[in-house]
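A.B. asks: Generate a structure from the sequence data that follows.
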Amino acid sequence: MKAEILDKALLSLCIKPADCKLIGGYSGNVFEIDGEAGSILKIIDKTAASEAGLLAEVEWQHFLHGQGVKVARPLRISGNDFIRHIDSNYCCVMYEKINGRTVSPSDQSVWNSDLFMHWGEAMGQIHAAAARYGIRDGLLQWNENKVLRQLDSVQWNPGIRRRWDHYLQELNELPRREGWYGLIHGDLHSGNLLVHEQSLYILDFGDCEYHWFAYDIATAVYHAVQTAVPGARTSLASEFCNAFIKGYLLRNPNAPSLQEIRYFIEYRHLFSFTYHWLYADKSSLTPGQLQYLQQMEQSLADGTPFLDNFG
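C.D. replies: Numbering: from 1, shown residues only. Okay, the predicted model is just below:
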């Protein structure tokens, strides 16, 4: 994030630079603002995300908060509007700050079946709310995702291209049934969870889109399983899914099968590789990260499954 853009945003919002601290974002665009209540500031490059899509994302999160889902409440910062324009290329949104603690897979007092169950319950609640929310303008269908729109811009390894062609054909033929397809979070890994007063809060709806609910579940499983060494992935996936689906069913009776979840785990593996290959600044990656990306490419090209003997 350019310093001058941040300065403009803070000036527009009457925030002192000393009260602003960078906390993350794929582009270094998410900041914590100190103050009486505290808040989170997210600066958006309008060349990378449409204003209509951003507004739809925030309104979806506002709806979820009204439905009792534990999410960070969007704040109105321009009269009755959620979006403040910084200049012709940038705008920003703000959220209520949740004073919780992050979820670390290395902390066994948190990373356990109880967490997995509450994680599943939260997603079940989101999917049940999505069924009530319906289809809204500004939010993308799965096949409009920017990653899929750029597949033809790269000369892929032939094995990767075949994998994509296979998935795109199958998914385009897959029914979009009510109760099984709808608005999802899209990236509910442990980094988007906060624990606060025995409750689990969900953060960052920047990847929400219309997709199969099984894919949203598979995304959570995939990123949870990545914390295990390869030989322990399947056992963790089974433990995670058993607890996760138990929680999910408390809020949503339409839980997909393990076979459906596994299908989308493999799809997520391909999607994750493609995303990082397209957007990661490879000059800033460590040798270990570059090696891992190359190993992902080879395993995908060879057709090696991410998970064996699961589902």
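A.B. asks: any idea of the pLDDT on Gln67?
C.D. replies: Gln67 carries a pLDDT value of 95.
A.B. asks: ok, now which ones touch it?
C.D. replies: Gln125, Ala129, Arg132 (CB atoms under 8 Å, 6 or more residues apart in numbering). Bear in mind the C-beta positions are built from the backbone N, C-alpha and C, glycine included.
A.B. asks: Pull the number of nearby residues for Lys21.
C.D. replies: Using other CB atoms under 10 Å, the number of residues around Lys21 comes to 10.
A.B. asks: Which strand or helix spans it?
C.D. replies: strand 20-24 (DSSP states H and E).
A.B. asks: buried ones in that strand?
C.D. replies: Within strand 20-24, the residues that count as buried by 16 or more other CB atoms under 10 Å are Cys20.
A.B. asks: returning to that earlier point: keep only those of the contacts of Gln67 that are in helices.
C.D. replies: Of these, the ones assigned to helices by DSSP state H are Gln125, Ala129, Arg132.
A.B. asks: Work out which residue lies at the spatial centre of the protein.
C.D. replies: Note on the chain: the residue nearest the mean C-alpha position is Asp187, at 1.7 Å, using CA atoms, centre = their mean.
A.B. asks: Is it in a helix, a strand, or coil?
C.D. replies: Of the three states, Asp187 takes coil according to DSSP: H, G, I helix; E, B strand; the rest coil.
A.B. asks: ok, and the closest non-adjacent residue to it?
C.D. replies: Asp207 (4.1 Å; CB to CB, 6 or more residues apart in numbering).
A.B. asks: separation between that neighbour and Asn143?
C.D. replies: Per CB to CB, to the nearest Å, Asp207 is found 15 Å from Asn143.
A.B. asks: just Trp111 next, same as before
C.D. replies: For Trp111 relative to Asn143 (CB to CB), the value is 34 Å.
A.B. asks: List the residues that contact Leu200.
C.D. replies: Lys70, Leu115, His118, Trp119, Glu121, Ala122, Leu193, Leu194.
A.B. asks: filter the residues you listed to the buried ones?
C.D. replies: Looking at those with 16+ other CB under 10 Å, the buried ones turn out to be Lys70, Leu115, His118, Trp119, Glu121, Ala122, Leu193, Leu194.
A.B. asks: Redo those residues as JSON lines? Include pLDDT.
C.D. replies: Shown next, in JSON lines, are these (pLDDT from 0 to 100):
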{"residue": "Lys70", "pLDDT": "96"}
{"residue": "Leu115", "pLDDT": "96"}
{"residue": "His118", "pLDDT": "97"}
{"residue": "Trp119", "pLDDT": "98"}
{"residue": "Glu121", "pLDDT": "98"}
{"residue": "Ala122", "pLDDT": "97"}
{"residue": "Leu193", "pLDDT": "96"}
{"residue": "Leu194", "pLDDT": "95"}
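A.B. asks: got those as CSV, with distance to Glu96 columns?
C.D. replies: Written out in CSV, the entries for the buried ones among the contacts of Leu200 read as follows (distance: CB to CB, whole Å):
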residue, distance to Glu96
Lys70, 11
Leu115, 23
His118, 20
Trp119, 21
Glu121, 21
Ala122, 17
Leu193, 16
Leu194, 12
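A.B. asks: would you list these in TSV and tack on secondary structure?
C.D. replies: Putting these into TSV (three-state DSSP) gives the following:
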residue	secondary structure
Lys70	coil
Leu115	helix
His118	helix
Trp119	helix
Glu121	helix
Ala122	helix
Leu193	strand
Leu194	strand
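A.B. asks: Tell me which two of those sit farthest apart.
C.D. replies: Glu121 and Leu194 (15.1 Å; CB to CB).
A.B. asks: Got phi/psi on Tyr90?
C.D. replies: phi -130, psi 150 (degrees, to the nearest 10).
A.B. asks: That one: how many residues sit nearby?
C.D. replies: Tyr90: 20 neighbours (other CB under 10 Å).
A.B. asks: Also Thr227?
C.D. replies: 16.
A.B. asks: Please apply the same query to Arg176.
C.D. replies: 12.
A.B. asks: Strands along this protein, start to end?
C.D. replies: 20-24, 30-33, 39-45, 74-75, 84-85, 90-96, 101-102, 181-184, 193-196, 199-202, 209-212 (DSSP state E).
A.B. asks: highest average neighbour count across those?
C.D. replies: Of all the strands of the chain, strand 181-184 carries the top mean neighbour count, a mean of 24, counting by mean count of other CB atoms under 10 Å.
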